[in-house]
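Trainee: here are the coordinates; sequence isn't available:
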Ligand SMILES: Cc1ncc(C[n+]2csc(CCOP(=O)(O)OP(=O)(O)O)c2C)c(N)n1
Ligand code: SF4
Ligand SMILES: [Mg+2]
């Protein structure tokens, strides 16, 4: 049996004290323990942002790449080694702004990957500019006269584009969020969990404002009813539902189609010496990087 200690590392956390991201981190640890995944069986993938730092603070495989590009990297990792539990951790700016193209098309591909989006309606790492989910009219550090554009409704897009698992959680309800992450990872096919994550430094509203408006979907709600789910996904403002909003049959999976059309074996099996080669390239890259740094030191 795994426990939370298996996922703990000693990396110093760079979030503001009290940031709701701490709640999401804890929900992740609890979910991975409940799923009984060992750290080496998990790979977290992220881009850039406060949200994208989360994988740094967990003891497991992770890949931290370019802004907005976590999804294609995750797809590559998943095809190379489908036995890994691959989870993308991203923010509203990273995913719906810079990564908007990948966000749209991942649903069509339907890989067995989970994506968790921290939605704080802001570009927090770069000090509070508007993001695609900032409500119209609200001011931000760059949008001092109020945002003129209508916000994106990403959950509705997910359902319309055929995502088989669409959920919303709240960073302030760790156990419920853990429940959603467990369900999402267990779902075969692409699963999408958006998390309401108020930014207490740059955001407009305190955590209590969200708490007052959030409610859990009750047992009478049927997430397999697509029409009802579309309506529910558009509910945002004075009331904000959390829970599994939409669930469908998994459909055909990206890795299975890849096996039929490209190769019937995981890519890592086709390159048995891959690990040695990667270690060799990394040591060459580091040597070149050190060499460059030494030259820069001499220049400056
Ligand atoms: C290509 C590129 N454009 C812009 C930036 C600057 N940048 C870094 S993080 C960020 C916003 C991240 O916002 P979000 O994904 O919502 O994460 P948060 O910090 O809010 O968790 C931006 C614009 C960058 N690093 N790279
Ligand atoms: S700036 Fe906002 S999102 Fe970033 S760590 Fe601070 S409270 Fe959290
Ligand atoms: Mg954000």
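Mentor: Here it is on my side, so go on. The shown structure was predicted, so the numbers you read here are calculated from the model rather than taken from an experiment. Ligands and ions are numbered 1, 2, ... in the order given.
Trainee: switch to C-alpha atoms for all contacts and neighbour counts from now on
Mentor: Fine.
Trainee: which residues are contacting stretch 236-254?
Mentor: By CA atoms under 8 Å, 6 or more residues apart in numbering, the surrounding residues in contact with stretch 236-254 are 109-112, 159, 163-170, 180, 187-189, 213-217, 223-226, 229, 232-233, 235.
Trainee: Out of those, which sit inside strands?
Mentor: Mapping the contacts of stretch 236-254 onto strands (DSSP state E) picks out 165-170, 214-216.
Trainee: With distance to residue 258, neighbour count and pLDDT as new columns, can those be given to me in JSON lines?
Mentor: Output for the ones in strands among the contacts of stretch 236-254, formatted as JSON lines (distance: CA to CA, whole Å; neighbours: other CA atoms under 10 Å; pLDDT from 0 to 100):
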{"residue": "165", "distance to residue 258": "22", "neighbour count": "27", "pLDDT": "98"}
{"residue": "166", "distance to residue 258": "24", "neighbour count": "27", "pLDDT": "98"}
{"residue": "167", "distance to residue 258": "27", "neighbour count": "26", "pLDDT": "98"}
{"residue": "168", "distance to residue 258": "30", "neighbour count": "25", "pLDDT": "98"}
{"residue": "169", "distance to residue 258": "32", "neighbour count": "30", "pLDDT": "98"}
{"residue": "170", "distance to residue 258": "35", "neighbour count": "28", "pLDDT": "98"}
{"residue": "214", "distance to residue 258": "40", "neighbour count": "19", "pLDDT": "98"}
{"residue": "215", "distance to residue 258": "40", "neighbour count": "14", "pLDDT": "98"}
{"residue": "216", "distance to residue 258": "38", "neighbour count": "14", "pLDDT": "98"}
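Trainee: so which helix or strand takes in the most centrally placed residue in the chain?
Mentor: Note on the chain: the residue nearest the mean C-alpha position is residue 89, at 2.5 Å, using CA atoms, centre = their mean. Assigned by DSSP states H and E, residue 89 belongs to strand 85-91.
Trainee: Point out the residues in the stretch 51-200 of the chain that sit beside ligand 1.
Mentor: Taking CA under 6 Å from any ligand atom as the contact definition, the stretch 51-200 of the chain meets ligand 1 at 51, 67, 90-94, 120, 122-126.
Trainee: try 8 Å
Mentor: Applying CA under 8 Å from any ligand atom, we find that the stretch 51-200 of the chain lies next to ligand 1 at 51-52, 66-68, 90-95, 97-98, 118-126, 128, 131, 199.
Trainee: And stretch 101-113, what's buried?
Mentor: Neighbour counts over stretch 101-113 (16 or more other CA atoms under 10 Å) mark 102-104, 106-107, 109-113 as buried.
Trainee: what ranges do the helices span in this protein?
Mentor: All helices of the chain, identified by DSSP state H, fall at 21-34, 70-80, 92, 100-109, 154-160, 174-186, 207-213, 226-233, 254-261, 267-270, 274-299.
Trainee: Between those helices, which one is closest to residue 41.
Mentor: Comparing those by their distance to residue 41 (CA to CA), the top pick is helix 21-34, with 10.2 Å.
Trainee: That closest one and ligand 2 in contact?
Mentor: Yes: using CA under 8 Å from any ligand atom, helix 21-34 reaches ligand 2 at residue 21.
Trainee: For this structure, which residues are neighbours of ligand 3?
Mentor: Applying CA under 5 Å from the ion, we find that the chain lies next to ligand 3 at 91-92, 120, 122-123.
Trainee: domain parsing for this protein?
Mentor: The chain breaks down by automatic domain parsing into domains covering 4-261, 267-299.
Trainee: Would you pull up the residue in the stretch 201-300 of the chain closest to ligand 2?
Mentor: The stretch 201-300 of the chain approaches ligand 2 most closely through residue 201 (4.7 Å), counting by CA to the nearest ligand atom.
Trainee: deepest of the domains of the chain, which one?
Mentor: Among those, domain 4-261 has the highest mean neighbour count (mean count of other CA atoms under 10 Å), at a mean of 19.
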